[in-house]
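Chemist: Sequence below, structure please.
(chains A, B, C and D)
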2 protein chains.
Amino acid sequence: MLSPLVRKLEHFTALSEEDKRAIQAFTGEIRQFGPREDIICEGDKPDHVHLILEGWAARYKLLPDGDRPIMAYLIPGDLCDINVTLLDKMDHSIGTLSPCRVAMISRDRLTAIMAESPTLSRALWWSTLVDEAILREWLVTVGHRPANKRIAHFICEMMLRTRAVGLSQDNGFSMPLTQEELADTMGMTPVHANRMLKELRDQQLIEMGRRRMIVKDLPRLMDFADFNPNYLHQQAAGLQREYT
Amino acid sequence: MLSPLVRKLEHFTALSEEDKRAIQAFTGEIRQFGPREDIICEGDKPDHVHLILEGWAARYKLLPDGDRPIMAYLIPGDLCDINVTLLDKMDHSIGTLSPCRVAMISRDRLTAIMAESPTLSRALWWSTLVDEAILREWLVTVGHRPANKRIAHFICEMMLRTRAVGLSQDNGFSMPLTQEELADTMGMTPVHANRMLKELRDQQLIEMGRRRMIVKDLPRLMDFADFNPNYLHQQAAGLQREYT
DNA sequence: CGCAAGATTGAAGTACGTCAATTCCAGTGG
DNA sequence: CCACTGGAATTGACGTACTTCAATCTTGCG
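Modeler: Here you go, the predicted structure:
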C-alpha cells in the first residue's frame, strides 16, 4: 500500500522510485495514539516532526474562557511542523481526534533526506505552502461566510484532501469529528452547527452516517459554498488518476 | 539606518556583519508603489519574492459577493512569499495600502544567499514560521473573540510588530488603514469596527490621530484582548533593546 | 439492559449587520 | 485665507443570524 504522503506529493510533482523509498523509510519509529490524546502540547520544545499515517489529528489552542479553537486538521500524509524545531517552543498543541498512527521523524533525519533529493525537498516545501494556503482560506471562511456555507466549504475541502491521499470512496469519506469539534473549527456553537448540517441534508447536498460524510452532489455543494479549489494546489501530475 | 529585515531577524538570532551585508544587498531592484496598487495578483505566476522596505501592504482575496477579506498585513521587514515561486500560480493577491517601497528579489538570488549562510537561512525560515503562527492566531481571533477584543488584539499585535522593526514611537505607531480595511480584516462591518474603536477610546485604552494609533496602556490593552505574545516568537536576542 | 456522550429540537435573548443620515477633514482651487 | 469637495468617520434606528439555555432523543458500548 502506497504511503499517503507519497500520494499527496505526487499531486505536485513526479517522484522517482528512490524518492518514494526515502519517504517509506521515514516510518522508522511509529507511535500509536488513542483518541483525544495530545501528540505535542503548547509550551513544549519540539524535537520531532510528526507524520500522520492513520487517523485524524488537529491543531488547537486553549483559551482562558475554556474555548478550544481548532486551527487545522491533520490527516494521513500530513506532516506536522516540518521545520518547527527552529522555534523555541510550541505556540499551540496538536492532539488526536480518532486513534492515530504517527511516525516520529527526527530533525536530523529529515534534513538529511531533503539534502539528498532536491525534488523531495521541493515537494515537502510545497506541502507547507499548501498548509499555509489552507490557513488563509479558513480565515476567509470564518470571517466572511455565513454558517451554512462555512460548513459546506469545509466539507468540500476535506473531500478533496481525503481523495488526494486515497481515503475517499463512493463520494464519501470517514470524518471522525463530533459536532462540537466541527463547531470549534468554524467559530460557531455546536447547536448552530447541528442546524446548518440539517439544512445541508434537507437540501440533498450531503448525507451523514456513523462518523461518515457522504457528498451527494459535489458540484452543487461546491457552488453553494463558493468553493474554489485553487488554494489546495492539487492541479499537477497524478491528479486525474484519482478520479477513475 | 538599519534594514527593518535585519532588525526583525535579530529578534530570533544574532547575525554576523557578513549576514547583514548580504541582507542589505537584497535591495538591488527597488520599486515604488502608490497607495492601493497591486504588487501581485491572484492567478499570476510569481517570479519574484517581495520585501517591503517602507509602507504597509496586505494579502487579500476577492469574493464573488464583492467582499475583500484581508488575510495578512505586510510591514517593513516582511518578506512576501519567501518560497512562493514553487507554486504554479498565486491563490491570493498582495496590494499596497499606503505608498510602499518594495525590493524585488529574484528566486535565484535568494536561494544563493541562503545557501551561503546557514544562519541567515534559519532566520528566514523562522520568519515564515512566525507568519504562519500569526495566521493561526488571526483564525482564533476572528472565530472566537468578540468584536471589541478582536480589534484590541490586532492593535496589540501591530504594536509589537512595528516595535520589532523600529517603527513605533511614544507608545504609538503609524497605521495607514481605513476603518473599512480594518473591518475587512476582522470579519466585521465598518460601522461595527467604528463602534468598537470608540469603545476602546472611551475606556482610555487607545487614542487615534491622523493615520496613527496610540496605545495609552499596553498592559491593560493586552489583558483586555487576552493577548499572549508568544505566537510572535520575539523573545530572543535583541528584544530588550527595543524597550529602551 | 442501561448508561453516558453526542445529536436534535424549541424558545427566548443579544451581538452584530443593514440602511441611511450627518459630521469631519485633507486636499484643491479660487 | 477661505469656500468647495469627496472620501472617510460617526451616529441612530431597526432587522437578523447566531447564541444561550434547556429539554429530549438517539446511539455506541460495557
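Chemist: mind checking the longest helix of chain A?
Modeler: Looking across chain A with DSSP state H, the single longest helix is helix A:118-144.
Chemist: Skipping its backbone neighbours, what lies nearest A:V140 in space?
Modeler: Spatial nearest neighbour of A:V140, excluding adjacent residues (C-beta to C-beta, 6 or more residues apart in numbering or on different chains): B:P69 at 4.7 Å. Backbone N, C-alpha and C define where each C-beta goes, glycine included.
Chemist: which ones are touching the one you found?
Modeler: A:L139, A:V140, A:G143, A:H144, B:Y60, B:K61, B:L63, B:D184, B:T185, B:G187 (C-beta atoms under 8 Å, 6 or more residues apart in numbering or on different chains).
Chemist: Closest to DNA strand C out of those residues?
Modeler: Nearest to DNA strand C among these: B:G187, at 6.5 Å, using C-beta to the nearest atom of the strand.
Chemist: what sits against the residue nearest to that closest one when sequence neighbours are not counted?
Modeler: Spatial nearest neighbour of B:G187, excluding adjacent residues (C-beta to C-beta, 6+ apart): A:G143 at 2.8 Å. When the contact criterion is C-beta under 8 Å, 6+ apart, the partners of A:G143 are B:P69, B:V142, B:G143, B:M186, B:G187.
Chemist: how about those in TSV, adding distance to B:T162 and pLDDT?
Modeler: TSV is the format used below for these (distance: C-beta to C-beta, whole Å; pLDDT from 0 to 100):
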residue	distance to B:T162	pLDDT
B:P69	22	98
B:V142	21	98
B:G143	25	98
B:M186	18	98
B:G187	23	98
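Chemist: quick one on the thing from earlier: ok, now how distant is the residue nearest to B:G187 from DNA strand D?
Modeler: Using C-beta to the nearest atom of the strand, to the nearest Å, A:G143 is found at 11 Å from DNA strand D.
Chemist: got it, and A:S93?
Modeler: A:S93 is 22 Å from DNA strand D, by C-beta to the nearest atom of the strand.
Chemist: just checking, that residue touches A:P46?
Modeler: No - using C-beta atoms under 8 Å, A:S93 is not in contact with A:P46; the gap is 11.2 Å.
Chemist: which secondary structure elements does the worst-scoring helix or strand of chain A on mean pLDDT contact?
Modeler: Between all helices and strands in chain A, the lowest mean by mean pLDDT, DSSP states H and E belongs to helix A:107-116, at a mean of 88. Applying 3 or more C-beta pairs under 8 Å, 6 or more residues apart in numbering or on different chains; DSSP states H and E, we find helix A:107-116 packed against strand A:48-54, helix A:118-144.
Chemist: DNA strand C: which of the ones you listed is closest?
Modeler: With C-beta to the nearest atom of the strand as the criterion, DNA strand C lies closest to helix A:118-144 of the helices and strands packed on helix A:107-116, at 8.8 Å.
Chemist: and the closest one with DNA strand C, contact?
Modeler: No - Helix A:118-144 lies out of reach of DNA strand C by C-beta under 7 Å from any atom of the strand, never closer than 8.8 Å.
Chemist: after that helix, next one along is what?
Modeler: Using DSSP states H and E, the helix or strand that follows helix A:118-144 towards the C-terminus is helix A:147-164.
Chemist: All set, thanks.
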